[in-house]
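Undergrad: Please work out how this folds:
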Amino acid sequence: MKRTQVRRVVVGCALACGAQAALAADETNEEAIRPAAEAVPNPSSVVQGNVFEAGGVPVAAGRSPRALRITDGIDLYAGATFLAGHDSNVNQAPGGRRAGSSFFRLRPTVTAESRYRADRYALAYKGDFAEYPDYDPNSVAQNDLIFSAQNNFTGRAALAWEASVGDHYDPVGSTDRNLAGDEADHYRTWAAGGTFRYGAEQARGRLEFDAGTGAKRYRNNRAWTEGADVDNLNLGARFFYRVAPKTRALVEYRRTRYEYVNDINHLDNTDSRALLGLSWDATAAITGALKAGQQYKDYRHEDTHPDYSGLTWEASVRWRPRTYSRFDLVTGRSASDPTGGIGVPITRNVSLAWKHDWSAAWHSSFTAQRQRTHFNGGGRKDTENVLRAGVMYDLRRWLGVGLEYTYARRASNVDDFDYVRRIATFRAEATF
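TA: Next up is the predicted model:
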């Protein structure tokens, strides 16, 4: 039986800014590896760090790289994912407050891309429309509009940049401030940022510099969302040094300022990270990055939130033992800003995913994840385990269908945050 690689393309990712991993995905029809910095995301962050690493437009545009030529020099990519199933615990609540429901979700994506010489420009739309017939608060529509680009000035100098606006919701149960509300927390975001790279691909050394700014504003439920409006300012720099043909050592420094518009919870802080690590090129059997170092969170109101200093790490590594099989390890440890409650969450997360192509048409996936969080100054401790298994079948080059099952369990020393969740999903993916 002949095995071939699955045709999953993050088209918007690869087209928008040409990150090394994203470009490799564009060439091999493969989904780009998740950035290491996203191992433990901060819910207050709206600005991307390394735009090259992030891959640009987060549009999962499907199963075929073929484009529709609109005019000379402009190509259009479109796709959609349809999900239907049952969620036993939509609001992620303990047994007494648990709400189960069937669900239907539609996630359309459209990307228009233009290339001029060595430069790329992309305008993308991403939607997520969810309907829960038995739990209306989480029936929401979310939208993103992203413009991103890569400008290659010389063989050594390049700039990846993007600007975005978004309209989003925090579903009931997804944060610590809205555990039993009648409607999801609605917010809007805007962000702009870029990464300048200096150094040829095969050069022994390479430099990158990041800068970005953005904002997050809530629109409803102001009794508990007033203190969550936040402005971001991000700066960063990293140096890569080639130690082997496919391996680079790196040193990195990032600094993000979180300014809360109504700082009623005294959360204004500066998050600084100094990291050392290794990165592996996308053409090697091992791809990705591993970083470790020290994190500092300097709070403006030290009497309420003492400054924090601790070990942090970020890793996103792909190992491909065969062309038709791959393993993705994503892990991290860091402190982030809370979404309610008392104390600063310090989270350790690790997930291992295995994706395998059994034939040209049949594909399977399995993911195991464990996340442990303790709240510095709050006393709360959570452990969450997630198992997910799925299978996909390609009906056509442009259409695939599949089934997926997810089991999640969170155990906490605070009873309000215990939950068990089971999700059975039918999935259809298409590109047009």
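Undergrad: Stretch 394-413 - what's its average pLDDT?
TA: Per-residue confidence for stretch 394-413 averages out to 95 on the pLDDT scale.
Undergrad: what's the answer for stretch 306-322, then?
TA: When the per-residue pLDDT values of stretch 306-322 are averaged, the result is 94.
Undergrad: again with stretch 425-432
TA: Stretch 425-432 shows an average pLDDT of 92 in the prediction.
Undergrad: Might you calculate how far that stretch sits from the centre of the chain?
TA: Computed by CA atoms, centre = their mean, to the nearest Å, the separation of stretch 425-432 from the middle of its chain amounts to 20 Å.
Undergrad: Show me the shaky parts of this structure.
TA: Under the criterion of pLDDT under 70, the regions of the chain flagged as low confidence span 1-30, 54-65.
Undergrad: If we use 80, what do you get?
TA: By pLDDT under 80, the low-scoring segments of the chain are 1-32, 53-70, 72, 178-181, 282-284, 302-304, 341, 432.
Undergrad: Now the nearest residue to R318 once chain neighbours are set aside: which helix or strand?
TA: Closest residue to R318 apart from its sequence neighbours, by CB to CB, 6 or more residues apart in numbering: T287 at 4.4 Å. C-beta: built from backbone N, CA, C; applies to glycine. Per DSSP states H and E, T287 falls inside strand 286-299.
Undergrad: Can you name the next helix or strand after that strand?
TA: Using DSSP H and E, the helix or strand that directly follows strand 286-299 along the chain is strand 308-322.
Undergrad: rewinding a little: next, count neighbours for the residue nearest to R318.
TA: Residue neighbour count, defined by other CB atoms under 10 Å, stands at 23 for T287.
Undergrad: For it, give its distance to D231.
TA: Between T287 and D231 the computed distance is 34 Å (CB to CB, to the nearest Å).
Undergrad: what's the answer for R427, then?
TA: When distances are taken as CB to CB, R427 and D231 turn out to be 37 Å apart.
Undergrad: again with E429
TA: When CB to CB is the yardstick, E429 and D231 sit 37 Å from each other.
Undergrad: of the two, who's got more company?
TA: E429 (21 against 18).
Undergrad: The helix or strand that contains L233: what's the following helix or strand?
TA: Under DSSP H and E, the secondary-structure element containing L233 is strand 230-244. Moving toward the C-terminus from strand 230-244, the first helix or strand encountered (DSSP H and E) is strand 247-260.
Undergrad: buried set for that next one?
TA: R248, L250, E252, R254, R255, T256, R257, Y258, E259, Y260 (16 or more other CB atoms under 10 Å).
Undergrad: count of neighbours near the nearest residue to D357 once chain neighbours are set aside?
TA: Beyond its immediate neighbours in the sequence, the residue positioned closest to D357 (CB to CB, 6+ apart) is Y324, lying 4.1 Å away. Taking other CB under 10 Å as the neighbour definition, Y324 ends up with a count of 18.
Undergrad: now do Q92
TA: The tally of other residues near Q92 (other CB under 10 Å) stands at 23.
Undergrad: Can you classify it by secondary structure?
TA: The local conformation at Q92, judged by DSSP: H, G, I helix; E, B strand; the rest coil, is coil.
Undergrad: give the contact list for the closest residue to it other than its chain neighbours.
TA: Counting by CB to CB, 6+ apart, Q92 lies nearest to G173, which is 3.6 Å off, once chain neighbours are set aside. Contact criterion CB atoms under 8 Å, 6 or more residues apart in numbering gives V90, N91, Q92, A93, N138, L179 as the residues in contact with G173.
Undergrad: The fifth one and R34, how far apart?
TA: It stands for N138. Separation of N138 from R34 (CB to CB): 25 Å.
Undergrad: Looking at the two now, which is surrounded by more residues?
TA: N138 (22 against 18).
Undergrad: returning to what we had before: quick check on the residue nearest to D357: phi, psi?
TA: Recorded main-chain torsions at Y324 are phi -100, psi 10, according to degrees, to the nearest 10.
Undergrad: Would you check how far apart Y125 and T111 are?
TA: Relative to T111, Y125 is positioned 8 Å away (CB to CB).
Undergrad: more crowded one of those two?
TA: Taking Y125 and T111 together and counting by other CB under 10 Å, T111 has the greater number of neighbours (27 against 17).
Undergrad: Restrict stretch 66-82 to CA atoms and write it as PDB.
TA: Output for stretch 66-82, consisting of C-alpha atoms alone and laid out as PDB, is shown next (Å, rounded to 0.1, in the frame of the first residue of the first chain):
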ATOM      1  CA  ARG A  66      -4.700  25.500  -5.900                       C
ATOM      2  CA  ALA A  67      -5.800  29.100  -6.100                       C
ATOM      3  CA  LEU A  68      -8.400  31.100  -8.100                       C
ATOM      4  CA  ARG A  69      -6.700  33.800 -10.100                       C
ATOM      5  CA  ILE A  70      -8.800  37.000  -9.700                       C
ATOM      6  CA  THR A  71      -6.600  39.400 -11.700                       C
ATOM      7  CA  ASP A  72      -3.100  39.300 -12.900                       C
ATOM      8  CA  GLY A  73      -1.000  39.100  -9.700                       C
ATOM      9  CA  ILE A  74      -3.800  38.400  -7.200                       C
ATOM     10  CA  ASP A  75      -4.800  34.800  -6.200                       C
ATOM     11  CA  LEU A  76      -7.700  33.800  -4.000                       C
ATOM     12  CA  TYR A  77      -7.800  30.900  -1.600                       C
ATOM     13  CA  ALA A  78     -11.000  29.900   0.200                       C
ATOM     14  CA  GLY A  79     -12.000  27.100   2.500                       C
ATOM     15  CA  ALA A  80     -14.400  26.000   5.200                       C
ATOM     16  CA  THR A  81     -14.700  23.600   8.100                       C
ATOM     17  CA  PHE A  82     -18.000  22.400   9.300                       C
END
